[in-house]
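1. prediction below, plus the sequence it came from.
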Number of protein chains: 2
Amino acid sequence: MGKTEIGIGEVVRRSGVPASTLRYYEERGLIASVRRQGLTRVFAPAVLEQLALIAVCRTAGFSLDEITLMFSPDGSPSPNRAMLAAKADELDVTIQKLASMRDDLRHAAACPAPTHMECPTFRRVLGQT
Amino acid sequence: MGKTEIGIGEVVRRSGVPASTLRYYEERGLIASVRRQGLTRVFAPAVLEQLALIAVCRTAGFSLDEITLMFSPDGSPSPNRAMLAAKADELDVTIQKLASMRDDLRHAAACPAPTHMECPTFRRVLGQT
DNA sequence: GTCCTACTTCAAGTCGGCTTGAGGTCAAGT
DNA sequence: ACTTGACCTCAAGCCGACTTGAAGTAGGAC
């Protein structure tokens, strides 16, 4: 495949991630440019997928360090896998909480009780914290 | 109901939230002490539930300001409800992403591909960002 | 009455995750 | 040749969410 390389401007346009953040991520080792053309960074299109992945991980509450560890190309092979499984378990817990919170929010939005805390349905979530 | 009031020390023990954070939350208006006994704060037991709620909201990625708005006792009544519904929708999106990420993590943990990005199954999540 | 312990205030510091700004490089257009 | 625009580096700044530290107070045990 020939010239599927993209510049930082295109990465910004297609990912919505600001250039400053891209440079910062590169500095932190989360992404890498395939080469430099003069000073200018040149990226592989795959960086767009990596950025999407990073965004999801951030939403999931993982720190940049954690993300680096999880997907470091050089990263330790089997600790890495164990870690991924552990993170998946963490996510399960998080998802449970969020789902019950979502339900409670919907209830609260519909519930006529003056203060949400007085509503018994609203309290379900609190037990399992 | 008589003397079900609790001191900050007990709140710390039962919630796991440090006293400094409790004071900070009070300053920010996320929680309130029912009164002061001398200088010392006195809380209603309900504060424990509020703290649990705050913790879940933080996990969900909401800022302290957002949480304050969502549950402000004084808060605007109907904007508040609309906002809760909106937040529930946000949560739906987040949950979807996290669920598919969790699945992908589990797959990645089991998958023998040398680098995760090369695995087609692992790429599912990336489309819907 | 004085010691301890649990609490208080207030200002300043820390940390993660970026953003901003000053000053420089480089290729293309006119 | 010169300007324009997109890129660069590096240091400093900013924001949210707390934490830390110094110095003070209040109530009970002895």
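-> Done, it's in. Numbering: from 1, shown residues only, chains lettered A, B, ... in the order given.

2. give me the element A:Asp104 is part of.
-> helix A:77-110 (DSSP states H and E).

3. what's the offset of that helix from the middle of its chain?
-> Averaging C-alpha positions (CA atoms, centre = their mean, to the nearest Å) puts helix A:77-110 13 Å from its chain's average.

4. relative to helix B:77-110, how tilted is that helix?
-> 160 degrees (axes from the mean of the first three to the mean of the last three CA atoms, to 10 degrees).

5. quick one: mean pLDDT over helix A:77-110.
-> Averaging pLDDT along helix A:77-110 yields 87.

6. is that helix up against DNA strand C anywhere?
-> No - Helix A:77-110 lies out of reach of DNA strand C by CB under 7 Å from any atom of the strand, never closer than 14.3 Å. Every C-beta, even on glycine, is put in place using the N, C-alpha and C of the backbone.

7. say whether chain B is contacted by that helix.
-> Yes - judged by CB under 8 Å from any CB of the partner chain, helix A:77-110 and chain B are in contact via A:81-82, A:84-85, A:87-88, A:91-92, A:94-95, A:97-99, A:101-102, A:105-106, A:108-110.

8. filter the residues you listed down to the buried ones, ChimeraX style.
-> Selecting only the buried entries of those in ChimeraX, with 16 or more other CB atoms under 10 Å in any protein chain shown as the criterion:
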select /A:81,84,87,88,91,94,95,97,98,99,101,102,105,106,108,109
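
9. nearest residue to the residue nearest the centre of chain A other than its sequence neighbours?
-> In chain A, the residue lying closest to the centroid (CA atoms, centre = their mean) is A:Cys57, at 2.1 Å. In this structure, A:Cys57 finds its nearest non-sequential neighbour in A:Ile67, 4.7 Å apart by CB to CB, 6 or more residues apart in numbering or on different chains.

10. pretty sure the one you found contacts A:Leu51?
-> No - the criterion here is CB atoms under 8 Å, and A:Ile67 misses it with A:Leu51 at 11.2 Å.

11. tell me the residues of chain A that contact chain B?
-> A:46, A:49-50, A:52-53, A:55-57, A:59-61, A:71, A:73, A:81-82, A:84-85, A:87-88, A:91-92, A:94-95, A:97-99, A:101-102, A:105-106, A:108-110, A:115-117, A:123, A:125-126, A:129.

12. how deep is A:Leu53 tucked in, by neighbour count?
-> For A:Leu53, the neighbour count with other CB atoms under 10 Å in any protein chain shown is 23.

13. pLDDT at it, what is it?
-> For A:Leu53, the predicted pLDDT is 92.

14. quick one: the strands in chain A?
-> Using DSSP state E, the strands of chain A run over A:6-7, A:35-37, A:40-43.
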